[in-house]
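*Asks:* pasting a predicted model and its sequence here:
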Amino acid sequence: QQQVKQSPQSLIVQKGGISIINCAYENTAFDYFPWYQQFPGKGPALLIAIRPDVSEKKEGRFTISFNKSAKQFSLHIMDSQPGDSATYFCAASQSRGAGNMLTFGGGTRLMVKP
Amino acid sequence: ETGVTQSPTHLIKTRGQQVTLRCSSQSGHNTVSWYQQALGQGPQFIFQYYREEENGRGNFPPRFSGLQFPNYSSELNVNALELDDSALYLCASSLVLGDTQYFGPGTRLTVL
């Protein structure tokens, strides 16, 4: 099945805290795992992405941790800021598959309190 | 370099009507994908076009159809609109097939 399950559905974090969002997938053919950030009324914007040949990728305050054997990956936002308040989506795709379709998780609504 | 653009921004139609949504891909991008995002949910893949040919399709009925033009812009057509078609329709383009997908701002379709 081509499912990606994301948790939690919503998250409230204090300014300066760490936000952690988790995703699990089923299709072992997935080989590309991006995270998107979406503000109300806007399209999703690519935040950071990882391929399964590495277990961690860091870009600024954003880190993806990837566990291939558990088929799980997570997004960590360090020093969370009110401007990070948005909905975050994990996704997965199979780069060699027809259509290269992104399968998205259900989203996590993050609120960072000042 | 301009990003992905979509038109119109908002659209209101009645059940049974037909609608055409438009997307201009990012400069140099030859692949366009369309997604439907219902309120409070993640985007769902509709189909992808690569060099004017359909290159994959999600679980959507045939009344959802599309086109890609020689300049790589694209259209999404939906016939016989149903209330459940109310959603944000997103277009994403990528430089080459299999590359990172960059999304436009979407078209908000409301079916009454």
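*Replies:* Yep, it's here.

*Asks:* which residues of chain A lie near chain B?
*Replies:* Chain A comes close to chain B at residues A:6, A:34, A:36, A:41-46, A:49, A:89, A:91, A:95-107, as judged by CB under 8 Å from any CB of the partner chain. All C-beta spots, glycine's among them, are computed from the backbone N, C-alpha and C.

*Asks:* show me which of these are buried.
*Replies:* Buried members of those, counted by 16 or more other CB atoms under 10 Å in any protein chain shown: A:6, A:34, A:36, A:43-44, A:49, A:89, A:91, A:99-107.

*Asks:* just these: which are in strands?
*Replies:* Secondary structure from DSSP state E places A:6, A:34, A:36, A:49, A:89, A:91, A:103, A:104 of those in strands.

*Asks:* nearest spatial neighbour of the fourth one, chain-adjacent residues omitted?
*Replies:* Computed as CB to CB, 6 or more residues apart in numbering or on different chains, the closest residue to residue A:49 that is not its neighbour in sequence is residue A:34, at 3.8 Å.

*Asks:* residue contacts, the spatially closest residue to residue A:58 that is not a sequence neighbour?
*Replies:* Spatially, and ignoring its direct neighbours in sequence, residue A:58 is nearest to residue A:64 (8.0 Å; CB to CB, 6+ apart). The neighbourhood of residue A:64, defined by CB atoms under 8 Å, 6 or more residues apart in numbering or on different chains, consists of A:33, A:35, A:48, A:49, A:50, A:56, A:57, A:58, A:73, A:74, A:75, A:76.

*Asks:* 7 Å instead, please
*Replies:* By CB atoms under 7 Å, 6 or more residues apart in numbering or on different chains, the contact list for residue A:64 reads A:35, A:48, A:50, A:56, A:57, A:73, A:75.

*Asks:* same question, residue B:5
*Replies:* So residue B:5 contacts B:24, B:104 (CB under 7 Å, 6+ apart).

*Asks:* recalculate using a threshold of 8 Å.
*Replies:* B:23, B:24, B:104, B:105.

*Asks:* is it true that the last one touches residue B:6?
*Replies:* Yes - because the distance of 6.0 Å satisfies CB atoms under 8 Å, residue B:105 is recorded as touching residue B:6.

*Asks:* which secondary element of chain B has the worst mean pLDDT?
*Replies:* Every helix and strand of chain B was ranked by mean pLDDT, DSSP states H and E. The lowest is strand B:53-57, at a mean of 90.

*Asks:* gap between residue A:77 and residue B:21?
*Replies:* From residue A:77 across to residue B:21, the span is 33 Å (CB to CB, to the nearest Å).

*Asks:* same question for residue A:61.
*Replies:* Using CB to CB, one gets 35 Å for the distance from residue A:61 to residue B:21.
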